[in-house]
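Undergrad: Pasting a predicted model and its sequence here:
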Amino acid sequence: MTLHPIRWLLKKILPTAIKRLVFLSSLAAYVRDVKNPDQEMLEKLNEVLMLSSDPQALKLPMRINSVIWGKFNMDDIKVIGDQKHSSDSLSMSGLQRSQTRIMANRLIDYMPEWLRYQSKEKMRQDIYRLFLCMDQMKSKNNPEIVAH
């Protein structure tokens, strides 16, 4: 597949750390339908995923999450095996290892090519950590986190 010239340029010039930051923060916002993340969410994601020296750097990718993920159908990851997870229970807790791998692979397969930053295995590990972090935040009943 040939990349659009701007996407090709982004793929070539964006540092790995920036691609990782954009991928994980935009995905977190998209999955939880967050439009305006609060400071606590920014700090927690940044603490767990170690994305930036300044948690405020996560804001822009989170605000433009629909540009990156807007055409992604969340139902593609809600159905794992013969189980369908409701929107508000989309998490990796309670899933078997093979199911979490399927969920992560579907996200990686969909992600824009220009955002691919490391091996599939390393990106899967980041996705696992992201979902565990979001599960912890959700369990605290954070009002900013509302599922798609």
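TA: Done, it's in. Residues are numbered from 1 along each chain as shown.
Undergrad: Quick check: buried residues in the longest helix seen in the chain?
TA: Longest helix in the chain by number of residues (criterion: DSSP state H): helix 120-139. Neighbour counts over helix 120-139 (16 or more other CB atoms under 10 Å) mark Met123, Arg124, Asp126, Ile127, Tyr128, Arg129, Leu130, Phe131, Cys133, Met134, Met137, Lys138 as buried. No exception for glycine: its C-beta is placed from N, CA and C like everyone else's.
Undergrad: In CSV: the residues you listed, plus distance to Leu58 and pLDDT.
TA: Listed next are the buried residues of helix 120-139 as CSV, based on distance: CB to CB, whole Å; pLDDT from 0 to 100:
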residue, distance to Leu58, pLDDT
Met123, 17, 97
Arg124, 21, 95
Asp126, 14, 96
Ile127, 16, 93
Tyr128, 19, 91
Arg129, 15, 92
Leu130, 12, 92
Phe131, 16, 87
Cys133, 12, 87
Met134, 13, 83
Met137, 13, 77
Lys138, 18, 66
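Undergrad: before we move on, back to that, quick one: list the elements packing against the longest helix of the chain.
TA: Packing partners of helix 120-139 (3 or more CB pairs under 8 Å, 6 or more residues apart in numbering; DSSP states H and E): helix 16-32, helix 39-49, helix 97-110.
Undergrad: and Ile13, how far is that from Met111?
TA: 18 Å (CB to CB, to the nearest Å).
Undergrad: neighbour count winner among the two?
TA: Legend: neighbour count by other CB atoms under 10 Å for Ile13 and Met111, higher for Met111 (20 against 9).
Undergrad: need the contact list for the closest residue to the more buried one other than its chain neighbours.
TA: Distance criterion CB to CB, 6 or more residues apart in numbering; nearest residue to Met111, sequence neighbours excluded, is Phe23 at 6.3 Å. Phe23 sits next to Met111, Leu115, Tyr117, Met123, Asp126 when contact means CB atoms under 8 Å, 6 or more residues apart in numbering.
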